[in-house]
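Trainee: Got a predicted model here, sequence first, then my questions.
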Amino acid sequence: MFNLFGGQPAPKPGADVDPRSAQALIADGAPIVDVREPAEFAAGAIKGSVNVPLGEVLADGMAALERAGVHAGEHEIVLVCRSGNRSGKACHALAGRLGSKAHNLAGGVIAWHAAGLPLLPNGGR
């Protein structure tokens, strides 16, 4: 399917983005939701990210994100985990509510760090 305005393929729900594309989404105001377990998140996360473990996303959907202060609104959302597997599952779980606004960071924080981008304890919070 093509976008009517730009001719580019429309993002699919749960579409993967590389670290630089994720960084651009974040710069445009996209919240970052880290779906790893709290101990993993505490060890190092993307600056400004919010921790909502995958189990909570699967159990409660968007309500889990809203409890953490993340609201669907107009922004895209970047979901992240260690390798991109769990965050991909979260994207698919949220697809009914977020559609193409949910993006999976391909390769997770491993790819983010390999791209030379920083990870901070507890996302710098």
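Mentor: Thanks, I have the structure now.
Trainee: only C-alpha atoms for contact and neighbour calcs from this point on.
Mentor: Will do.
Trainee: quick one: average confidence on the longest helix anywhere in the chain?
Mentor: Longest helix of the chain, by residue count under DSSP state H: helix 85-98. Mean pLDDT, computed over helix 85-98, is 93.
Trainee: Check stretch 38-49 too.
Mentor: pLDDT averaged over stretch 38-49 gives 96.
Trainee: Mind pulling the model confidence for residue 125?
Mentor: 78.
Trainee: measure it to residue 66 for me?
Mentor: 18 Å (Cα to Cα, to the nearest Å).
Trainee: Which secondary structure element is home to the residue nearest to the spatial centre of the chain?
Mentor: The centre of the chain sits closest to residue 79, judged by Cα atoms, centre = their mean, with a distance of 1.4 Å. Using DSSP states H and E, the element containing residue 79 is strand 77-80.
Trainee: ok, how many other residues are close to the closest residue to residue 71 other than its chain neighbours?
Mentor: Using Cα to Cα, 6 or more residues apart in numbering and skipping residues adjacent in sequence, the residue nearest residue 71 is residue 65, 6.9 Å away. Residue 65 has 20 neighbouring residues, counting by other Cα atoms under 10 Å.
Trainee: measure stretch 25-42 end to end?
Mentor: End-to-end for stretch 25-42, by Cα to Cα: 23 Å.
Trainee: tell me how far that stretch is from the chain's mean position?
Mentor: Using Cα atoms, centre = their mean, to the nearest Å, the mean C-alpha position of stretch 25-42 is found 6 Å from that of the whole chain.
Trainee: Any chance you could list what contacts that stretch?
Mentor: 45-46, 48-54, 57, 65, 70, 75-82, 86-87, 90, 121-123 (Cα atoms under 8 Å, 6 or more residues apart in numbering).
Trainee: which parts of that stretch are buried?
Mentor: 25, 26, 30, 31, 32, 33, 34, 35, 36, 40, 41, 42 (16 or more other Cα atoms under 10 Å).
Trainee: now, which of the residues you listed sits nearest residue 116?
Mentor: Closest approach between these and residue 116, by Cα to Cα: residue 26, at 16.1 Å.
Trainee: Which strand or helix spans the residue nearest to residue 71?
Mentor: Going by DSSP H and E, residue 65 is in helix 62-67.
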